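[1] below is the sequence, then the predicted model.
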Amino acid sequence: MFKDKNKIGILGGTFDPAHKGHLAISKEAIKRLRLKKIIWAITKKNPFKKISNISIKDRIKYCKKIVGKNKSIQIKFYENIIKSNKTIDLINHISKNKKNEIFFMMGADNLINFHKWHKWKIISKKSKIIVFDRHGYKKKSLNSMTFRRLSQRNLKYIEFNKVNISSSKLRKI
């Protein structure tokens, strides 16, 4: 029965803007975790950040440009469908198909405050948390409350040749 599961990766965020780092971790996840596909789930607004100056339509368009012809990565905006920007609601929506096994992906910087996310413990029970190392965040993320509390069965920390780039740095250019 486990072989029949669709291994789906979810990389959520504002993608303000999308960049090669998002693409690199997506490709790495597909390869290492043998994912069927990855969904870049774009949100209008991250509750921990200020609102984007770039429209959702333009961010989606730019994500599609970054992804190019890679059929394993899908660009989706779910908030109009699920009426929420909460990760747990997105996971619940995608999990309605019982054949889907969810791998929720994030950078190490997000792991540091993951315990502040809405229903973070339920997110970790309904999906496998995949954390990608980010330059300058390894020590703090590995010492985070979330890393210490979650079972290593539900959390996988991936080190790889990182692309040293971030959306916040790109916005300053």
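    Cool, got the structure.
[2] contacts, neighbours, all on C-alpha from now
    Noted.
[3] where along this protein do the helices fall?
    Per DSSP state H, the chain carries helices over the ranges 20-33, 56-67, 79-82, 87-94, 108-112, 120-126, 138-142, 145-149, 167-172.
[4] tell me which of these sits nearest to residue 48.
    helix 108-112 (10.3 Å; C-alpha to C-alpha).
[5] coming back round to it: now tabulate the helices of the chain in TSV and tack on mean neighbour count, mean pLDDT and distance to residue 102.
    Shown next, in TSV, are the helices of the chain (neighbours: other C-alpha atoms under 10 Å; pLDDT from 0 to 100; distance: least, C-alpha to C-alpha, whole Å):
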stretch	mean neighbour count	mean pLDDT	distance to residue 102
helix 20-33	17	94	11
helix 56-67	17	96	21
helix 79-82	12	96	17
helix 87-94	18	97	7
helix 108-112	21	94	17
helix 120-126	16	96	7
helix 138-142	17	94	22
helix 145-149	15	93	19
helix 167-172	11	46	25
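[6] distance to residue 13 for these - can I get that in CSV?
    Compiled in CSV, these are given as follows (distance: least, C-alpha to C-alpha, whole Å):
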stretch, distance to residue 13
helix 20-33, 10
helix 56-67, 11
helix 79-82, 12
helix 87-94, 10
helix 108-112, 11
helix 120-126, 15
helix 138-142, 18
helix 145-149, 19
helix 167-172, 10
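[7] tell me which of the ones you listed sits nearest to residue 50.
    Closest among the helices of the chain, once you apply C-alpha to C-alpha, is helix 167-172, at 11.3 Å.
[8] per-residue pLDDT of the most centrally placed residue in the chain, please?
    The residue lying closest to the centre of the chain (C-alpha atoms, centre = their mean) is residue 11, at 2.3 Å. pLDDT, residue 11: 98.
[9] do the same with residue 173
    44.
[10] wait, the residue nearest to the centre of the chain sits on residue 110?
    No: at 11.7 Å, residue 11 does not count as touching residue 110 under the criterion of C-alpha atoms under 8 Å.
[11] still on that earlier bit, what distance do you get for the residue nearest to the centre of the chain to residue 143?
    Relative to residue 143, residue 11 is positioned 23 Å away (C-alpha to C-alpha, to the nearest Å).
[12] just residue 109 next, same as before
    12 Å.
[13] for residue 39, same thing?
    Note on residue 39: its distance to residue 143, by C-alpha to C-alpha, is 28 Å.
[14] for the residue nearest to the centre of the chain, give me its contacts.
    Residue 11 makes contact with 26, 38, 39, 40, 41, 104, 105, 106 under the criterion C-alpha atoms under 8 Å, 6 or more residues apart in numbering.
[15] report the beta-bridge partner residues of it.
    Judged by DSSP bridges, the bridge partners of residue 11 are residue 40, residue 105.
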